[in-house]
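**Student:** give me a model of this one.
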Amino acid sequence: MDGKPTPDSRAGSIRLLTVPFLLALAVGLAVGSSAPVPAQDAKPQAEPPSNAQIFPLSQVHAGLRATAWTVFAGARPEPMDVEILGVLRGGRGPGQDMILVQLHGAKPEYTGVVAGMSGSPVYVEGKLMGALSYRIGQFAKDPIAGITPIEQMLAVRDLPMTNMTPMTPGAATDGMNLQPMETPLTMSGFSAEAVRFWRRQMAGTGLETVAAGGAASSSASSQPSIPVAPGAAVSALLVQGDMEIAATCTVTYLDAKQLLACGHPLFQAGTISLPMTSTEIVATLASPMNAFKIVNTGVTIGAFTEDRDAAIRGQLGAKARMIPMQVAVEGEGGSSHTLHVEVLDEPGLTPQAAEVVLLQALVQSIGNTATASYHVTGSIDVVGMEPFPVDLWAVPSETMPAPIAAVLQLGDRLGRIYTNNTRRSRLRGIDLQVETLARHAQSELTAARLLGSNVVHAGDTVQLEVSLQPWQQPERKVQLSFRLPTRLGAGNLRLLVSDAATLDRATEPLQVPGREISLESLRAVFRQRRPADRVYVSLLEPEAQAGVGGQTLASLPLSAANALEGLRLNQLAGLNGESAEVVADGTAGELVTGFTVLNLRIEPGAGLN
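**Tutor:** Reported below is the predicted structural model:
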């Protein structure tokens, strides 16, 4: 060979999705080692043992020779020579040992330790010793790796299907900077902006490393036959459908019902439910910064059911539990598109997965520009409950583009629902509709004035004019009127003229610090929130207001307020001395921000108009 990389005939079909991917490629080229692994003419290798006996950790010692199996390209595992350097006692945490090894051979010495190689089985004299799963930092000169002993992985295999208790995460050896091999994520169907957002949201989790790759075809019959065996690649799907997010590692152990892979956790979730697919390795990219495998996911072969410290477990033929999500986007000029996906059902990741799906739907809209705004409506459904409403506005600002503002609002709402400690049933679905507005759709409430005297009587009709300043547009006037309640006594009365956010803060039940409201109460709070594209006029009356079980009780008589005092003392209710009662509202057609307060003087006697 002349030292130049051999081009892969399939490389043209692979999308290079990220700037980090290109940077890794550039760095590798600078040192002459970042091209895909050169193809080699070699005789077919023997397969890794499929029903190997166990090589016990107690017999492992420095100087042993072993063989590891992994896929560098295609679907057939290839052997690597392994030299045992020793056993690190407690290398993965208290009582969790690690076997330190060095890889030998043309390919591993060329690529180094590769993201996606984790789980590659290692055999001594045909007996299974464990899985390649750890590496030493970045820019390591020698391909030195850590092995998770198979005895620790088999403990995951033997967990009962009903076990829901996560295991304690293992600790890496700080002095040698040993850390789990990255689990490369393939994000198919996502723009570079969505990929960057995912990386920021996932920073520090081990799931931020995004590689190039492709998703399975929608037609199972068009998929090539990809065998599943020790040393072969498998993927766990976090999102599937019109877009796909897949985490890939290598099979360590396989029997008739289940398999073990990775040799370390994906995200240490305990019991999980993720679609498990066969996977083709298109190429292995060598880089001193971050070597990884480029993959195409294949057909679904089961579901991953456990995510533990020593391994992830997949059940062959099982069906994963996912959350359907639909986003319908209406753009300018009648253009529209709808995305259909399923996202994983996992508290620590579901909000982030839903966020990146919504972001992709927004940025691929034909109406998406730097000045565009979005109105997102819809529902989040929880089994056994009425839907939670979604009504969000997002406009561009100096600190945040409108699409990011929209997805963070959705993530906050979804996170509050998902992590509520009173939730007992799963999410049934997320259904969103998006209206795209080709302008900075925001008006600031700059002033309000009474159209008449501020001296009034109970029962009078009050008229006022509100000044709204749209973004870089002429000022607008909105006139509102209302009738004062006849019950009002003489004295001073304040009028709050405001946006929805200010009014909601004044009327939502007081949140007791350290005490989470029930999921049903949270739904009531969401349903009470007012549309943000309107102007509101509220009476601020010197009467008690209480928040109980997610409901706001305004204008309480003194006796009722006294009756709630016991609940307040037990942190079951909130009380304040002023009530906000909405008496008028008017549409603005876009997001309204700001507020002002007007003063009325109520004179005794009947109203004059």
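
**Student:** tell me who's in contact with Gln433.
**Tutor:** Contacts of Gln433 were listed using Cβ atoms under 8 Å, 6 or more residues apart in numbering, and they are 328, 330, 376-378. Using the backbone N, CA and C atoms, a C-beta is placed for each residue, glycine as well.

**Student:** now the two most distant members of those.
**Tutor:** Taking Cβ to Cβ as the measure, the contacts of Gln433 span a maximum distance of 12.5 Å, between Glu330 and Gly378.

**Student:** so for those two, which sits in the more crowded spot?
**Tutor:** Gly378 (21 against 16; other Cβ atoms under 10 Å).

**Student:** that one sits in which helix or strand?
**Tutor:** strand 373-382 (DSSP states H and E).

**Student:** so what strands line up beside that strand?
**Tutor:** Sheet pairing of strand 373-382 (DSSP bridges) gives strand 388-394 (antiparallel), strand 427-437 (antiparallel).

**Student:** do you know which of the ones you listed lies nearest Leu88?
**Tutor:** strand 427-437 (41.6 Å).

**Student:** after that closest one, which helix or strand is next?
**Tutor:** Strand 427-437 is succeeded, C-terminally, by strand 442-450 (DSSP H and E).

**Student:** please identify the buried residues of that next one?
**Tutor:** By neighbour count, with 16 or more other Cβ atoms under 10 Å as the criterion, the buried positions of strand 442-450 are 442-443, 445, 448.

**Student:** which residues sit against that strand?
**Tutor:** Under Cβ under 8 Å, 6+ apart, the answer for strand 442-450 is 373, 395, 462-471, 475-476, 497-499, 535, 588, 590-596, 598, 600.

**Student:** list the ones among those residues that fall in strands.
**Tutor:** 373, 462-470, 476, 497-498, 535, 591-593, 595-596, 598, 600 (DSSP state E).

**Student:** in PyMOL, select just the buried ones from those residues.
**Tutor:** Buried subset of the ones in strands among the contacts of strand 442-450, written as a PyMOL selection, criterion 16+ other Cβ under 10 Å:
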select buried, resi 373+462+464+466+467+468+469+470+497+498+535+591+592+593+595+596+598+600
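
**Student:** any low-confidence regions in the stretch 1-150 of the chain?
**Tutor:** 1-45, 137-141 (pLDDT under 70).

**Student:** same thing with the stretch 451-600 of the chain?
**Tutor:** 509-515, 543-577.

**Student:** list the contacts of the residue nearest to Thr70 when sequence neighbours are not counted.
**Tutor:** Excluding the flanking residues, the one nearest Thr70 by Cβ to Cβ, 6 or more residues apart in numbering is Ser120, at 4.0 Å. By Cβ under 8 Å, 6+ apart, the contact set of Ser120 is 68-70, 77, 80, 131-132, 231, 250, 252.

**Student:** and for Leu408?
**Tutor:** 355, 400.

**Student:** which element is it on?
**Tutor:** helix 402-418.

**Student:** one more: Ala501?
**Tutor:** With DSSP H and E as criterion, Ala501 is part of helix 500-507.

**Student:** nearest to Gln528 among the buried residues of strand 442-450?
**Tutor:** Leu445 (21.0 Å).

**Student:** which parts of the stretch 51-200 of the chain are strands?
**Tutor:** Using DSSP state E, counting those that start in this stretch, the strands of the stretch 51-200 of the chain run over 65-70, 78-93, 96-104, 121-124, 127-136, 144-149, 178-180, 185-188.

**Student:** got JSON lines for those strands, with mean neighbour count and distance to Gln268 too?
**Tutor:** JSON lines is the format used below for the strands of the stretch 51-200 of the chain (neighbours: other Cβ atoms under 10 Å; distance: least, Cβ to Cβ, whole Å):
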{"stretch": "strand 65-70", "mean neighbour count": "23", "distance to Gln268": "24"}
{"stretch": "strand 78-93", "mean neighbour count": "18", "distance to Gln268": "12"}
{"stretch": "strand 96-104", "mean neighbour count": "22", "distance to Gln268": "14"}
{"stretch": "strand 121-124", "mean neighbour count": "26", "distance to Gln268": "22"}
{"stretch": "strand 127-136", "mean neighbour count": "27", "distance to Gln268": "14"}
{"stretch": "strand 144-149", "mean neighbour count": "28", "distance to Gln268": "14"}
{"stretch": "strand 178-180", "mean neighbour count": "21", "distance to Gln268": "10"}
{"stretch": "strand 185-188", "mean neighbour count": "26", "distance to Gln268": "16"}
